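Novice: Any chance you can model this:
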Amino acid sequence: MSEDIAQPRRHAAPLFARIDHLYHGHDASARRFRWGLLLFDVVCILYFVIASFLHHVDDLHIIEELIGIIYLAEWSARCYIARGRLRFVFNPVGLADLVVICSLLAPSLTENFLFLRVIRALRLLRSYHVIRELREQSRFVRQHEDIIFSVVNLLIFVFVMTAFVYVLQIGRNPAIKEYVDALYFTITTLTTTGFGDITLVGTSGRILAVLIMIFGISLFLRLIQTIFRPEKVRFECPACGLSRHDNDAVHCKHCGALLHIRTEGGT
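Specialist: Okay, the predicted model is just below:
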């Protein structure tokens, strides 16, 4: 019996090594594999954004389920080679990937079009996975990570809130007849422009408008601040490795080592 158990493990070891090499190797084949996954992710995210505006996207459910199966296989491979599988599963990025996978496979489980509108917006959570992978392979992303994360957070918030506006107001609010109307209201509320030509009706609509104003404006201001007045710069301390410092830091606040952060000067 022990030999029967050991044999599958011996066969599994080369598979583990091969998958681990593809995800963590440094040769040309491993890099091509990871860049191929990133390209696939980017194309899928663009599809998710475009699909938000389509009225007959349900006709493409076979494509979405195929994407979901590919994502599930890729997630399973990463989970298989993870050193701490529970930590991988319950990591925020891992949980976001599971939400995206479930949203892609959900059309085969439900016929509720409005419900699908909401979960389709959640597919943009895959952007966090893309950023994490790009951070490991792109110096530009590492240097501008704060700005990129702020932009992604804002875009995800806009599309998720737009989906909720559409679902809660369609059929009840004569001013919202299609998805673009909901997006228009979300953007005008987020930027405090408030033309007043579209307002949300009902208690749920007013509560949603309040949430958009409170959280959306906070994200918008955070984005502006990150772009024009970043609070921290990324520079690794040569002594202790602390990587975030004040813009005008001369010494590391952790160990006191002298820093040589390149700046453009000031007035």
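
Novice: alpha carbons only for contacts and neighbour counts from here, please
Specialist: Fine.

Novice: What residues sit buried inside stretch 124-139?
Specialist: 124-131, 133-135 (16 or more other CA atoms under 10 Å).

Novice: Pull the residues that contact that stretch.
Specialist: 38, 41-42, 45, 48-49, 93, 96-97, 100, 141-142, 145, 149, 152, 156 (CA atoms under 8 Å, 6 or more residues apart in numbering).

Novice: Would you map out the domains in this structure?
Specialist: Listed by automatic domain parsing, the domain ranges of the chain are 1-141, 144-230, 232-267.

Novice: circling back: so of the contacts of stretch 124-139, which ones are in helices?
Specialist: 38, 41-42, 45, 48-49, 93, 96-97, 100, 141-142, 145, 149, 152, 156 (DSSP state H).

Novice: which of those residues lies closest to residue 22?
Specialist: residue 38 (13.2 Å; CA to CA).

Novice: element containing the closest residue to the closest one other than its chain neighbours?
Specialist: Nearest residue to residue 38, sequence neighbours excluded (CA to CA, 6 or more residues apart in numbering): residue 130, at 6.5 Å. Residue 130 is located in helix 126-137, with elements delineated by DSSP states H and E.

Novice: how far is that helix from where the chain is centred?
Specialist: 8 Å (CA atoms, centre = their mean, to the nearest Å).

Novice: cool, and stretch 17-30?
Specialist: 24 Å.

Novice: Give me the contacts around that stretch.
Specialist: Contacts to stretch 17-30, defined as CA under 8 Å, 6+ apart, come from residues 31, 33-34, 77-78, 81.

Novice: so where's the stretch 1-150 of the chain uncertain?
Specialist: Residue ranges of the stretch 1-150 of the chain with pLDDT under 70: 1-12, 55-60, 107-117.

Novice: what do you get if the cut-off is 80, keeping everything else the same?
Specialist: Where the stretch 1-150 of the chain drops to pLDDT under 80, the residues are 1-13, 51-61, 106-122, 136-146.
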